[in-house]
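Asks: mind looking at a prediction? Sequence and model below.
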Amino acid sequence: MAIKNSGLRASNVAKGLVCNGYDPVTFAALNNANNTGLVMAKRLNVDYQELLAKL
């Protein structure tokens, strides 16, 4: 909701965001936050299942 209210695009925020050295979608997957990872992947046009297969 905060990104939506700011007027920024999720993809622009995600480009510069790093969580413990990982992009936000990978970080969510590594920390068993699957629902969050799915939502972020959808907004960023990332294939979440493919990402999980690489981990």
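Replies: That came through fine. Residues are numbered from 1 along each chain as shown.

Asks: and residue 50, how far is that from residue 41?
Replies: 9 Å (CB to CB, to the nearest Å). The way it works is simple: take the backbone N, C-alpha and C, and place the C-beta from them, glycine included.

Asks: nope, residue 6 is what I was after
Replies: Distance from residue 6 to residue 41, by CB to CB: 20 Å.

Asks: now do the same for residue 1: its pLDDT.
Replies: Looking at residue 1, its pLDDT reads 60.

Asks: what's the answer for the one 5 residues further on, then?
Replies: Per-residue pLDDT puts residue 6 at 84.

Asks: what is the burial count for it?
Replies: For residue 6, the count of nearby residues is 9 (other CB atoms under 10 Å).

Asks: swap in the one 3 residues further on?
Replies: Counted by other CB under 10 Å, the residues lying close to residue 9 total 13.

Asks: contact partners for it?
Replies: residue 3 (CB atoms under 8 Å, 6 or more residues apart in numbering).

Asks: check residue 46 too.
Replies: 25, 40.

Asks: so is it in a helix, a strand, or just coil?
Replies: coil (DSSP: H, G, I helix; E, B strand; the rest coil).

Asks: how close does it get to residue 33?
Replies: Counting by CB to CB, the gap from residue 46 to residue 33 is 15 Å.

Asks: mind listing what residue 19 touches?
Replies: residue 27.

Asks: dihedrals phi and psi, it?
Replies: Backbone torsions of residue 19, given as degrees, to the nearest 10, read phi -120, psi 110.

Asks: do residue 11 as well
Replies: phi -70, psi -40.

Asks: correct me, but it touches residue 42?
Replies: No. Residue 11 lies out of contact with residue 42 (CB atoms under 8 Å); the separation is 11.7 Å.

Asks: can you pull out the helices in this structure?
Replies: 2-6, 10-16, 24-30, 34-44, 48-54 (DSSP state H).
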